[in-house]
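Visitor: Here is a sequence together with a model predicted from it:
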Amino acid sequence: MSLRRLARVLLALTVIGAVTSVSPTSVAETPIRIQAVPAPPPGFSTVWSDDFDGAAGTGLDTGIWRYDVGPGSSFGTGEIEDMTNSTANVFHDGAGHLVLRALHSGTNPATGWTSGRVETQADGFGAQAGGVVRIQSSIQQPNVNTSNGAGYWPAFWMLGAPLRIGVPWPGSGEIDVLEDVNGRSSTFGTLHCGTFPGGVCNEGTGIGSGERPCPGCQTGYHTYAVEIDRSTSPEQIRWYLDGSNYFTLQSNRVDATTWSNAVDHAFYIIYDLAMGGQFPAAFGGGPNAATVSGGQMNIDYVAVYAKPPASTSGTNLARGKPTTASSAESAMFPATNATDGDVTTRWSSTFSDPQWIQVDLGQSYNLNHVTLTWEAACARAYQVQTSANGSAWTTVYTNNNSTGGIQDISFASTGRYVRVLATARASQWGDSLYEFAVYGTTGGGTGNLLSQGHPATASSTENAGFAATNAVDGNTGTRWSSAFSDPQWIQVDLGASHALSQVVLNWEAAFASAFQIQTSPDGNAWTTVLTTSGSAGVQTLPITGSGRYVRMLGTARATQWGYSLWEFQVFGT
């Protein structure tokens, strides 16, 4: 649905002097590719990103983005453009950028403008309690100035996910990461919250940084970011320009309820290039006869990075595992979307109560926490349940007043199956989850699962269908199988040295009758930490040692076939 901002009128006005009166002309811009999506900052992981690698002249990937079309007069901000889905206004340039272009037709500068406004389909980007989220984008503002840019209003911002199910603005929250007006080479960072008009957040102005200089932001790419930090007390929102923190807002600036309603949930991301409105008017107005047509907001990438709470760690055991549900809204929203590791896909149920989604972890684990990333259409009441067999369930957590967003739930239980049983919906829609993550350790063991998804290699493979990576993919339906000779090995690179506590081997019927577990700091010099015999099925093997690389060296086969592992799991700290 198309959701609109309300007006923001600045308290302190800085009025531009008279501009040169010249006829509107066209802006010719050839964006230059700056960089790929950066690696996450230390302590963070990449939740989602888009590098905008579409072919030249193509429009949005509507599986990821949606157009927000309509007349600017309907947005509540006084804008005068029409937002369209035309590739004249919104397009990929073929060099790794998404371009929003404002175009003018006719002779009246107050009419005849078209431009673009886009938002993410996903609305699950937020910080979980005790964690941090960073939303970052590299952008070149329209290459205009105060002489020919009156009326231009580029923006990179976020709206609170509750807005999509009817929770009103500004109480549902808005965070403006970048705004500039009239080609001033500036940036503004703002939080909108509370009630309109006025209220504790001074709406429709909000609480913000005021105007901050942004030299060269019209002529080159600069990085704009915001961090929502729920790991500190009081919580904070921090605004960054090119990595420099230029404004920090603490939660104690407003009352706890106002802050929680506006900030402590998930968001969706928006870009738009508006023309005219109250904000440009506060700085001299526009467009006018000198305003140039064709100015572009060029977006090189967008990325969402997250840092989990200090109390949570480990590998998501549910990722890629068989997942089923009581229902699905349509074939576009199957249960498997919630365990695919992609926060832009989701499971959504039919529009009735109760509903459930469950994952088969493939074997029993000592379970310690679950992370649920809800879409705006969340469950108002639900239970987390575990089971040894998928039939008899034990309730380990109950929430009867859920606000959705990103919820991390700690508990202690054992089981092979984990289920979310939703008993009441928060909206007229179904129950909808972007991600359903489960964490724990194997039976009786200690430590975190370190190996899943890491690079794995082997001495040989039976054929291309039985690659070494199959044994560390978390999927008990795929396997590594070697050639039919002795000895053979499989090894995994953990990426860094770890203190190791346990190895779990899930053998196919073709197992090793004798093998060794070895560790190495460099993948060349190996230390044997365990010598033992194998058996079909799951073997849980305590070990003591350290290393970056761990290897199973099979010295004798139990059958005429090769060595075959469904899963090769390494645990440690």
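Guide: Noted; the coordinates are in hand.
Visitor: Next, the contact list for the nearest residue to Val90 once chain neighbours are set aside, please.
Guide: The shortest distance from Val90 to any non-neighbouring residue, by C-beta to C-beta, 6 or more residues apart in numbering, is to Gly116 (3.7 Å). The way it works is simple: take the backbone N, C-alpha and C, and place the C-beta from them, glycine included. With C-beta atoms under 8 Å, 6 or more residues apart in numbering as the criterion, the residues that contact Gly116 are Tyr67, Met83, Thr84, Asn89, Val90, Leu100, Arg101, Tyr271, Asp272, Leu273.
Visitor: quick check, nearest of the residues you listed to Cys193?
Guide: Each of these was checked against Cys193 using C-beta to C-beta; the closest is Asp272, at 20.4 Å.
Visitor: give me the number of residues near that closest one?
Guide: Other residues within reach of Asp272, judged by other C-beta atoms under 10 Å, total 24.
Visitor: you'd agree it is up against Leu159?
Guide: No - because the distance of 11.6 Å does not satisfy C-beta atoms under 8 Å, Asp272 is recorded as not touching Leu159.
Visitor: for whatever helix or strand Phe571 lives in, packing partners?
Guide: Following DSSP states H and E, one finds Phe571 within strand 564-572. Counting contacts by 3 or more C-beta pairs under 8 Å, 6 or more residues apart in numbering; DSSP states H and E, strand 564-572 packs against strand 432-442, strand 448-449, strand 480-481, strand 488-507, strand 537-557.
Visitor: Can you tell me which of those is most buried?
Guide: Mean neighbour counts were compared across the helices and strands packed on strand 564-572 using mean count of other C-beta atoms under 10 Å; the top stretch is strand 480-481, at a mean of 26.
Visitor: from the chain's centre, how far out does it sit?
Guide: Between the centre of strand 480-481 and the centre of its chain there are 33 Å (C-alpha atoms, centre = their mean, to the nearest Å).
Visitor: That one pairs with which strands, parallel or anti?
Guide: strand 564-572 (antiparallel) (DSSP bridges).
Visitor: and the strand it pairs with, what's its mean pLDDT?
Guide: The pLDDT scores in strand 564-572 average 91.
Visitor: Return the distance of it from the chain's centre.
Guide: Once both centres are worked out by C-alpha atoms, centre = their mean, strand 564-572 turns out to sit 28 Å from its chain's centre.
Visitor: Show me what counts as buried in that strand.
Guide: When neighbours are counted by 16 or more other C-beta atoms under 10 Å, the buried residues of strand 564-572 are found to be Ser564, Leu565, Trp566, Glu567, Phe568, Gln569, Val570, Phe571, Gly572.
Visitor: For the residues you listed, give me JSON lines that also has distance to Gly194.
Guide: Supplementary listing: the buried residues of strand 564-572 in JSON lines, determined by distance: C-beta to C-beta, whole Å:
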{"residue": "Ser564", "distance to Gly194": "61"}
{"residue": "Leu565", "distance to Gly194": "57"}
{"residue": "Trp566", "distance to Gly194": "54"}
{"residue": "Glu567", "distance to Gly194": "51"}
{"residue": "Phe568", "distance to Gly194": "53"}
{"residue": "Gln569", "distance to Gly194": "49"}
{"residue": "Val570", "distance to Gly194": "50"}
{"residue": "Phe571", "distance to Gly194": "47"}
{"residue": "Gly572", "distance to Gly194": "47"}
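Visitor: where among the helices and strands packed on strand 564-572 is the average confidence lowest?
Guide: Comparing mean pLDDT across the helices and strands packed on strand 564-572, the weakest is strand 448-449, with a mean of 82.
Visitor: Going by contacts, tell me the helices and strands next to that one.
Guide: Where contact means 3+ C-beta pairs under 8 Å, 6+ apart, strand 448-449 is packed against strand 564-572.
Visitor: so where is this protein shaky, pLDDT-wise?
Guide: Along the chain, the model assigns pLDDT under 70 to residues 1-35, 311-313, 442-446.
Visitor: quick one, helices of it?
Guide: In the chain, the helices defined using DSSP state H lie at 256-263, 278-281.
Visitor: partner residues bridging the closest residue to Pro41 other than its chain neighbours?
Guide: Taking C-beta to C-beta, 6+ apart, and ignoring the residues beside it in sequence, Pro41 has Tyr305 as its nearest neighbour in space, at 6.3 Å. The residues paired with Tyr305 through beta bridges, assigned by DSSP bridges, are Thr46, Arg134.
Visitor: just Ser481 next, same as before
Guide: Note on Ser481: beta-bridge partners Ser564, judged by DSSP bridges.
Visitor: Touching, it and Gly562? I think so.
Guide: Yes - counting by C-beta under 8 Å, Ser481 does reach Gly562; the two are 5.0 Å apart.
Visitor: Any buried residues in stretch 447-463, and which?
Guide: 447-454, 456-462.
Visitor: Find out how far it is from the centre of the chain, if you would.
Guide: The chain centre lies 26 Å from the centre of stretch 447-463; the measure is C-alpha atoms, centre = their mean.
Visitor: Stretch 366-383 too?
Guide: Between the mean C-alpha location of stretch 366-383 and the chain-wide mean there is a distance of 16 Å, by C-alpha atoms, centre = their mean.
Visitor: Now do the end-to-end distance for it.
Guide: When the termini of stretch 366-383 are compared using C-alpha to C-alpha, to the nearest Å, they are 18 Å apart.
Visitor: With stretch 59-66 instead?
Guide: Separation of the first and last residues of stretch 59-66 by C-alpha to C-alpha is 10 Å.
Visitor: now do stretch 221-235
Guide: From the first residue to the last, stretch 221-235 extends over 30 Å; the measure is C-alpha to C-alpha.
Visitor: What are the buried residues along that stretch?
Guide: Tyr221, His222, Thr223, Tyr224, Ala225, Val226, Glu227, Ile228, Asp229, Arg230, Ser231, Glu235.
Visitor: cool, and stretch 253-271?
Guide: Residues of stretch 253-271 classed as buried under the neighbour-count rule (16+ other C-beta under 10 Å) are 254, 258-271.
Visitor: Give me the contact list for stretch 258-266.
Guide: Everything outside stretch 258-266 that qualifies as a contact, by C-beta under 8 Å, 6+ apart, is 123-127, 129, 160-162, 167, 170-175, 191-194, 199-201, 228, 230, 235, 237, 251, 253, 373-374, 376, 403-406.
Visitor: Just give me the neighbour total for Ile418.
Guide: No, residue 418 isn't Ile; it's Val. For Val418, the number of neighbouring residues by other C-beta under 10 Å comes to 28.
Visitor: Contact partners for it?
Guide: Val418 neighbours (C-beta under 8 Å, 6+ apart): Ala318, Gln358, Val359, Leu361, Leu367, Val370, Val384, Gln385, Thr386, Ser387, Val438.
Visitor: how close does the first one sit to Arg419?
Guide: I take that to be Ala318. Counting by C-beta to C-beta, to the nearest Å, the gap from Ala318 to Arg419 is 11 Å.
Visitor: what residues are shared contacts of those two?
Guide: Overlap of the contact sets of Ala318 and Arg419 (by C-beta under 8 Å, 6+ apart) consists of Val359.
Visitor: who does Gln236 bridge with?
Guide: When bridges are called by DSSP bridges, Gln236 pairs up with Asp229, Gln250.
Visitor: ok, it touching Thr248?
Guide: Yes - in this structure Gln236 lies within contact range of Thr248 using C-beta under 8 Å: 5.7 Å.
Visitor: Which one of the two is surrounded by more residues?
Guide: Neighbour count, other C-beta under 10 Å: between Gln236 and Thr248, Gln236 has more, with 18 against 13.
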